[in-house]
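Engineer: Predicted model follows, preceded by the sequence.
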Amino acid sequence: MSKRINHIISELEDQYLMDNDSLRPWIIGFSGGKDSTALLQLVWYALMRIPRELRNRKVYVVCNDTLVENPIVTDYVFGVLKLIQQAAVEQGLPIEVQKTIPRLEDTFWVNIIGRGYPVPNNAFRWCTDKMKIKPTSRFIIDQVAENGEAIILIGTRSAESATRAKSIKKHEIRGKRLTKHPHHHNTFVYSPIKDLMLEEVWYIINTMTSPWGADNSRLFQIYADASADDYECPTMVTDKSHSSCGQSRFGCWTCTVVKEDKSMSALVNKGYPWLKPLLDLRENMVQERNVSENRLPTRRNGQVAVTDEGHNQGNYTQKYRAKLLEQVLIAQREIQIDRPHLELITNQELVAIQVIWHRDLCFEYQVSDVYNRVYNKELDMKKNDEKIQKEIALLKGVCEDQASDFDLIQELLIMQKNKALLNRKRGLKDDMERVIEKYLKK
């Protein structure tokens, strides 16, 4: 077993030094799970063998945080990433940690509570693209733009499943280590541990000292406590050919694609009862997904979405979105009794949700009202109110008695701010032209 592992380390060393003048950066998808941990350890050992003056190729350890990852895994992974960055600096290695997150408009809660997307299922799995593929793809594209090419190292193993074995065989070129990425130009994929068996992965983790000083027994214990199947959900996904979260060990705690979250259930039963509100919330989202009164008869694009039996299949109603927001905040309040630092939904997401509700012309429900009801306190919005009032007073002074001018400019400003907040400038020009045309016809 040790000979086989030493062979992989030697191969990594050779590949790192190959075509060194191109300086194509290595990008390692790191989930903190067993396979990506084993991969990074082997890469680390290979770099240590290389003389310092030849360590010119940058190695990025990229971890994608969907913002709804299993809290147990997130706490562990973030701690490990901190150790990796510190150890890399101390040991003079060209390793740099990068975290990627979805854009505000692509987060889970902004899409579900804000836009009213139904929670994902096998027929409508919008989450992987928005929350995993896009954030990682943006980082890869930036590296290719800067360096011309990039090499992605992944911890995928043929022995994990028949699906993964088939995917690896499909893309590999016999006799070559690198394969072309199916979707990114000038990007190559390298799978150094594709032939390792499960026992060999655990051998690396349990018997070989972590070069960044982590306690790998914690990782082993997490797997033991969450005893479900043998796969963790990859937290760096670069294309849809990667295995989905459908049979994952560790993935998003909100995942409604799977019938049952076995890992979360196991953790609740093995010493983490504070996770139960998350388990219950996920179950509620599954049960309430296809209830007709929770859904609109149309989708956001105006397309009719009603079955022959009269069952609504459109987006969530505003009433249900407000109800779901309340459920999320109640679950957050409950887990914060034991884990005060944990947030299920961020303040930025709350603001974005309110913006979308206003853009959807929904004024019956207010995010602040739901928040204040759950937490029994008032959101401090005085500073923002004062700023807005000053802007309005200044605008009115400029427009003097021209009320229509004031209304037009105010509406255009609100539109621009909303677009900027959600980072969606596309269509702003057309929207502004429609508003101006509306006022010209008055």
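Structural biologist: Here it is on my side, so go on.
Engineer: When you work out contacts or count neighbours from here on, use the C-alpha atoms and nothing else.
Structural biologist: Fine.
Engineer: Point out where the stretch 301-442 of the chain drops to low pLDDT.
Structural biologist: Applying pLDDT under 70 to the stretch 301-442 of the chain picks out residues 379-398, 400-408, 410-428, 431-432, 435, 438-439, 441-442.
Engineer: switch to 80 and redo it
Structural biologist: Along the stretch 301-442 of the chain, the model assigns pLDDT under 80 to residues 361, 377-442.
Engineer: where do the helices sit along it?
Structural biologist: 318-335, 347-359, 367-375, 382-399, 403-421, 428-440 (DSSP state H, counting those that start in this stretch).
Engineer: With the stretch 101-250 of the chain instead?
Structural biologist: Along the stretch 101-250 of the chain, the segments classed as helices by DSSP H, counting those that start in this stretch run 108-109, 127-128, 134-147, 162-171, 198-207, 216-225.
Engineer: Now tell me which of the ones you listed the model trusts least on average.
Structural biologist: Sorting the helices of the stretch 101-250 of the chain by mean pLDDT places helix 162-171 lowest, at a mean of 46.
Engineer: So which of the helices of the stretch 101-250 of the chain is nearest residue 181?
Structural biologist: Taking CA to CA, helix 162-171 is the member of those nearest to residue 181, at 8.3 Å.
Engineer: Buried residues of stretch 197-211, list them for me.
Structural biologist: By neighbour count on 16 or more other CA atoms under 10 Å, the buried set for stretch 197-211 is 200, 201, 202, 204, 205, 206, 210, 211.
Engineer: Domain ranges for the chain, per the record?
Structural biologist: Under the assignment automatic domain parsing, the domains of the chain span 2-250, 290-375, 382-440.
Engineer: I'd like the ones you listed laid out as CSV, including distance to residue 263.
Structural biologist: Putting the domains of the chain into CSV (distance: least, CA to CA, whole Å) gives the following:
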stretch, distance to residue 263
domain 2-250, 4
domain 290-375, 18
domain 382-440, 33
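Engineer: Show me the one of the ones you listed that comes nearest residue 269.
Structural biologist: When those are compared by CA to CA, domain 2-250 sits nearest residue 269, at 8.7 Å.
Engineer: just how off-centre is stretch 268-277 within its chain?
Structural biologist: 23 Å (CA atoms, centre = their mean, to the nearest Å).
Engineer: Same question for stretch 131-140.
Structural biologist: Worked out by CA atoms, centre = their mean, stretch 131-140 lies 9 Å from the chain centre.
Engineer: Now do the buried residues in that stretch.
Structural biologist: Buried residues in stretch 131-140, counting neighbours by 16+ other CA under 10 Å, are found at 131, 132, 133, 134, 135, 136, 137, 139, 140.
Engineer: Out of the buried residues of stretch 197-211, which two sit at the greatest distance?
Structural biologist: The span of the buried residues of stretch 197-211, defined through CA to CA, is set by 200 and 211 at 17.6 Å.
Engineer: quick one, strands of the stretch 51-200 of the chain?
Structural biologist: With strands called from DSSP state E, counting those that start in this stretch, the stretch 51-200 of the chain shows them at 59-64, 95-100, 150-153, 178-180, 187-190.
Engineer: C-alpha coordinates for the last one, PDB please?
Structural biologist: Which is strand 187-190. Only the C-alpha atoms of strand 187-190 are listed here, as PDB (Å, rounded to 0.1, in the frame of the first residue of the first chain):
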ATOM      1  CA  THR A 187      -8.500  24.000 -18.600                       C
ATOM      2  CA  PHE A 188      -7.300  20.400 -17.800                       C
ATOM      3  CA  VAL A 189      -8.400  17.900 -15.200                       C
ATOM      4  CA  TYR A 190      -6.000  15.700 -13.200                       C
END
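Engineer: Walk me through which strands it pairs with, and which way each runs.
Structural biologist: strand 150-153 (parallel), strand 178-180 (antiparallel) (DSSP bridges).
Engineer: With mean pLDDT and distance to residue 82 as extra columns, can I get the strands of the stretch 51-200 of the chain in JSON lines?
Structural biologist: Output for the strands of the stretch 51-200 of the chain, formatted as JSON lines (pLDDT from 0 to 100; distance: least, CA to CA, whole Å):
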{"stretch": "strand 59-64", "mean pLDDT": "96", "distance to residue 82": "11"}
{"stretch": "strand 95-100", "mean pLDDT": "96", "distance to residue 82": "8"}
{"stretch": "strand 150-153", "mean pLDDT": "95", "distance to residue 82": "20"}
{"stretch": "strand 178-180", "mean pLDDT": "91", "distance to residue 82": "29"}
{"stretch": "strand 187-190", "mean pLDDT": "94", "distance to residue 82": "25"}
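Engineer: Please name whichever of the ones you listed is nearest to residue 280.
Structural biologist: The nearest among these, by CA to CA, is strand 59-64 at 25.2 Å.
Engineer: partners of the closest one, with directions?
Structural biologist: Note on strand 59-64: by DSSP bridges, its sheet partners are strand 26-29 (parallel), strand 95-100 (parallel).
Engineer: avg pLDDT for the shortest one?
Structural biologist: To tie it back to what came earlier, the one meant is strand 26-29. Strand 26-29 comes out at a mean pLDDT of 95.
Engineer: roughly how far out does that strand sit from the chain middle?
Structural biologist: Taking mean C-alpha positions (CA atoms, centre = their mean), strand 26-29 and its chain are 17 Å apart.
Engineer: which strands and helices sit next to the very next helix or strand once past it?
Structural biologist: Using DSSP states H and E, the helix or strand that follows strand 26-29 in sequence is helix 34-49. On a contact count with 3 or more CA pairs under 8 Å, 6 or more residues apart in numbering; DSSP states H and E, helix 34-49 meets helix 2-17, helix 198-207.
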